[in-house]
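> Curious how this folds, go ahead:
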Amino acid sequence: MLRRASEFGGLDLLVNSAGTTSLVPHADLEAVTDELWDRTPSVNLKGPFQCARAAADLLRADGGGEIVNVSSFAGKYGTGSSIPYCASQACVNILTVTLARVSGPNARVSSRARVHRRSMARASAGFLVRGREGVHGPAIAARLRV
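Residues are numbered from 1 along each chain as shown. Predicted structure coming up:
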């Protein structure tokens, strides 16, 4: 990523959208293996953090850039393909808020939640926090007291 950004003269936008899951009914606690607990958060949470860390200086250069973390309604409502997936998506939402706090005002960080069409009507949710003096999603700004 860093090599390609230098070839193009910088980085304006990082979209963290890679993710993984396994279908495990929530009531089947015995089917949630240690391997699943290791793999799911490693891809869904650690991956976006590592990409954001690698891109931070490039995004802050030239007045700022943006990170978009693709999340899921599973992180808010606890419904989804497995318990580790729901937990990892909730962590992505908190990671987004935390990165926004430390990246502003020169870089924006936001989250967009995916939703399964059969489980909910078409919807999107997200929040945008831009530094201590910038634009904030209303609910998030009240909680962050930025």
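
> give me the number of residues near R112?
16 (other C-beta atoms under 10 Å). Quick note: C-beta positions are derived from backbone N, CA and C, even for glycine.

> Then E66?
Neighbour count for E66, taken as other C-beta under 10 Å: 17.

> Dihedrals phi and psi, the nearest residue to it once chain neighbours are set aside?
Using C-beta to C-beta, 6 or more residues apart in numbering and skipping the chain neighbours, the partner closest in space to E66 is R108 (4.5 Å). When quoted as degrees, to the nearest 10, the phi and psi of R108 stand at phi -100, psi 150.

> what kind of secondary structure is the residue lying closest to G64 once chain neighbours are set aside in?
Ranked by C-beta to C-beta, 6+ apart and with sequence neighbours excluded, the top spatial neighbour of G64 is N106, at 4.1 Å. Secondary structure, DSSP: H, G, I helix; E, B strand; the rest coil: N106 is coil.

> can you pull the contacts of N106?
Counting by C-beta atoms under 8 Å, 6 or more residues apart in numbering, N106 makes contact with 59-60, 63-64, 131.

> Do you know the pLDDT at the residue nearest to E66?
In this model, R108 is scored at 87, pLDDT.

> Show me what secondary structure element comes after the helix ranked longest in the chain.
Taking DSSP state H as the criterion, the chain has its longest helix at helix 83-103. As assigned by DSSP states H and E, the chain's next helix or strand after helix 83-103 is strand 108-114.

> Neighbouring strands of that next one in the sheet, and parallel or not?
Take DSSP bridges as the rule and strand 108-114 pairs in its sheet with strand 66-72 (parallel), strand 126-129 (antiparallel).

> Where among those strands is average confidence lowest?
strand 126-129 (a mean of 40).

> tell me which residues in stretch 44-54 are buried?
Neighbour counts using 16 or more other C-beta atoms under 10 Å place 44-45, 47-49, 51-52 of stretch 44-54 among the buried residues.

> Tabulate those residues (CSV), appending distance to S88.
As requested, the buried residues of stretch 44-54 are exported to CSV (distance: C-beta to C-beta, whole Å):
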residue, distance to S88
N44, 4
L45, 5
G47, 10
P48, 10
F49, 12
C51, 15
A52, 15
